[in-house]
Every structure is written in C-alpha cells, then in structure tokens.
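# I would like the atomic coordinates for the input below:
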Amino acid sequence: MFLIKTKELVKCNGTYSWIIPNKFLIADYAKKTKNSLIKDAGLLYSINVSLFNVFEGINVYPIIIFGNKKYKDSFNSFLLEKYSDLSKRRFIKPKELKKHSLFKELNIRVSSGATGFQAEQLKKSVFNFYFNGCIPFIVSGNVDRYKWSNKLVRYMGDSYSTAYVNNNDESIAKSKWNFWSNPKIIIAGMTKVIEAVYVEEPLGLGVGIYGIYDFGDFDPWCLTAILNSKYLSHYFLIKFKDKHLAGGYLAINKSTIENFPITKINPLTQSVISNISKKIHQLTALDKDTTTLEQQIDNLVYRLYNITYDEVKVIDSEFGLSREEYEGIVLE
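Down below sits the predicted model:
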C-alpha cells in the first residue's frame, strides 16, 4: 500500500525512489502493483543491489526502484557490476534471452509439495520408519539431478534418518495424496542449479519442493533431462535473476517452473533424449559417473533451443567446464 500511495503523493513531474525486497519484480502477488506503477506512476527502472550486503546481517535481497510520474510504460531492470557504480549511474542491462513457448503454454502442469498451514499439519503424519500404507517422504534438500533419497530428511525442525508419510487418518487432502501417488518430475526449490528427477513410484513431498504431474505432449524422461541441462539453469539465472539468494542459491517455485522455456520436439528426438535420461537415472542411482551422457544431453538441448556456438562457450564457462572438456563439444 506504500507503493500504491506513491501515485497520490507524487506531483505530475515528481520523482520517487524506494529500496524494497526483490520479490516485487517476480512475485505473483506483486504483478498488479508493478504494472500499476509502470502505467500510472512512471516506474522507470529497478537496480538489483542484492549482491552487495546492503543491510548487513539481515536476510533480505533488495532492489532500488526509481520513477518519474511524467513518463509512462518505459520500465527497465538493471544490474550492477560494482556497488560504487551506483553513484555513477553505471548500470548493466541483463542479457536478452531467446523467445520460446513456456511450460504453462504447452500444458505442462506443476503442483507444490506441502505449503503453509498444511505443512505444520502434515508433521504428525511423517515417521522415521516404514509401516503399512506409508510412502517415502522428501524435501528440497533430498533432491539431486536424476536422483532422490528419503534418508536424513529435515522437516519442520525435526530430523528423520529415513522419512515416510502415511494417510491412514485421511488428514491429507485426497488430491494431494493422489498427486504424491502418481508419476511425477520432482524439482528442488532451493538449489544452485536446477535439480530434477523423474519418479514413477509414490513419493510424498514436503516444503520447498515441486512436482510436474502433467507432461503435455512430452515424454517425462525427456522433460527431466531438459530441466537438468546447463541451458535451463543458464536461462533461470538470467530470467529470474531477482530470485537469487545468499550463497549463490536459487529460489524456484511453481510460478517460475511454469515460465520455463520449452520448444516442440519431434518424437524421434524425444526418444533419443529419453533413452539417455533413463541411462543417467539408472547410473546415478548406482553412484556411477554420468558426465559423458549429461554432455550429450546438453548438446542436444543446445540444438533444440538454437543456441549458437559462441553462446555455448559462455554457458559452459558459467558451469566450470574445463578447456579440455569444452574442446570436446561438437555441435552438428
């Protein structure tokens, strides 16, 4: 309501500036306010200062927004390379991303694990041991790329050596239990790169974890491989830069997953990617090295998304690829 009040307080050629949490730029609940300021109060730009520990010791990731009421519909979002560049008005415009369809546009449907009040209620149904009617239970920290584990689960302040959840008292909503009981692609909500795994067996999901339950026209093994590719993490780092947290972590939620890019894939290519994905899932479960197979996935994804050779070099450098590994990449 303070931001909306700006429209009333600022004169027709007046300027204003706020330092506020970066959620303003990407949260669903902030969209109407942001659009209203752009249209009616001349919101001109935001500057991401979340990397510079502006409020020492405070767990907040701030941006500065600036506007002048005489301008309309000309908003831009900027980054800073150095904090001293702020006073010099030396801003960096984020990289442009290629345009693709989005998950939500191609009928890929996402649901969250436990949220809000439900998360606290669920605690009484989580156990350290298996008994009849239980299914494994995990949270975001138990998801790796192509792999999950229900060992050493931390949930709502408690630790479980091996976590299971049951619905014998039917306190868990039927829709949620059905979601958990069916095949789904699991995606960690707190991570440094996107971490996804396809799970065919029943699996309960706690806080900060998400599942794709409707795959549209895509094979789930193929879709999982695309999610785990370097390009999707690269895209996320740029597109959702305002969801970065301390320590290089990314905050993924239902809305961001729905806005991931996807391109139509012919059945033959899907089959190729799916077969590689299945091998990686199998080998990862045995703690075997899958570097070569994952590189094959990355190369296929680069071609699917029309990524140029120069762009590949940038993306791979972001993820620590050595020169020897890079020179082994061939894009046909």
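
# Which residue lies closest in space to L152, excluding its sequence neighbours?
S161 (6.7 Å; C-beta to C-beta, 6 or more residues apart in numbering). All C-beta spots, glycine's among them, are computed from the backbone N, C-alpha and C.

# Partner strands of the helix or strand containing that neighbour, with direction?
Here S161, judged by DSSP states H and E, is contained in strand 158-162. Strand 158-162 has its sheet partners listed here by DSSP bridges as strand 151-155 (antiparallel).

# who's in contact with the strand it pairs with?
Contact with strand 151-155 is made by 123, 126, 137-139, 141-142, 159-163, 206-207, as judged by C-beta atoms under 8 Å, 6 or more residues apart in numbering.

# do that again at 6 Å, thanks
Under the contact criterion C-beta atoms under 6 Å, 6 or more residues apart in numbering, strand 151-155 has outside partners V139, N142, Y160, T162, A163, G206.

# Which two of the residues you listed have the greatest separation?
Across the contacts of strand 151-155, no pair lies farther apart than T162 and G206, at 14.2 Å, counting by C-beta to C-beta.

# Have a look at these two and say which one is more surrounded.
G206 (24 against 15; other C-beta atoms under 10 Å).

# Tell me who's in contact with the spatially closest residue to the more buried one that is not a sequence neighbour.
Nearest residue to G206, sequence neighbours excluded (C-beta to C-beta, 6+ apart): V139, at 4.0 Å. For V139, the contacting residues are V153, Y155, G206, I209, by C-beta under 6 Å, 6+ apart.

# ok so, going back, could you export the strand holding S161 as PDB, CA atoms only?
Taking Å, rounded to 0.1, in the frame of the first residue of the first chain, the C-alpha atoms of strand 158-162 are listed here in PDB:
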ATOM      1  CA  ASP A 158      12.800 -32.400  13.100                       C
ATOM      2  CA  SER A 159      15.300 -34.800  11.600                       C
ATOM      3  CA  TYR A 160      14.500 -38.200  10.200                       C
ATOM      4  CA  SER A 161      17.000 -40.900   9.500                       C
ATOM      5  CA  THR A 162      14.600 -42.300   6.900                       C
END
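
# What is the subsequent helix or strand relative to that strand?
strand 164-165.

# I135 contacts L205, doesn't it?
No. I135 lies out of contact with L205 (C-beta atoms under 6 Å); the separation is 10.4 Å.

# Between the two, which has more neighbouring residues?
L205 (28 against 17).

# pretty sure the more buried one contacts S112?
No. Using C-beta under 6 Å, L205 is not in contact with S112; the gap is 7.7 Å.

# and this protein, what are its domains?
2-85, 101-327 (automatic domain parsing).

# will you turn the contacts of strand 151-155 into TSV that also has pLDDT and distance to A119?
Listed next are the contacts of strand 151-155 as TSV, based on pLDDT from 0 to 100; distance: C-beta to C-beta, whole Å:
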residue	pLDDT	distance to A119
V139	93	10
N142	94	16
Y160	94	15
T162	96	20
A163	96	14
G206	92	7
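
# Among these, which one lies nearest to T284?
Closest to T284, out of all of the contacts of strand 151-155 and judged by C-beta to C-beta, is N142, at 13.9 Å.

# Contact partners for the closest one?
So N142 contacts W148, S149, V153 (C-beta under 6 Å, 6+ apart).

# filter those residues to the buried ones?
Among the contacts of N142, those classed as buried by 16 or more other C-beta atoms under 10 Å are W148, V153.

# Please, where are all the strands along the stretch 201-332 of the chain?
204-205, 209-215, 250-251, 261-262 (DSSP state E, counting those that start in this stretch).

# What's the mean pLDDT across the third one?
The reference is to strand 250-251. What strand 250-251 shows for mean pLDDT is 77.

# Need the strands of the stretch 201-332 of the chain in JSON lines (columns: distance to N299).
Below are these laid out as JSON lines (distance: least, C-beta to C-beta, whole Å):
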{"stretch": "strand 204-205", "distance to N299": "31"}
{"stretch": "strand 209-215", "distance to N299": "23"}
{"stretch": "strand 250-251", "distance to N299": "24"}
{"stretch": "strand 261-262", "distance to N299": "18"}
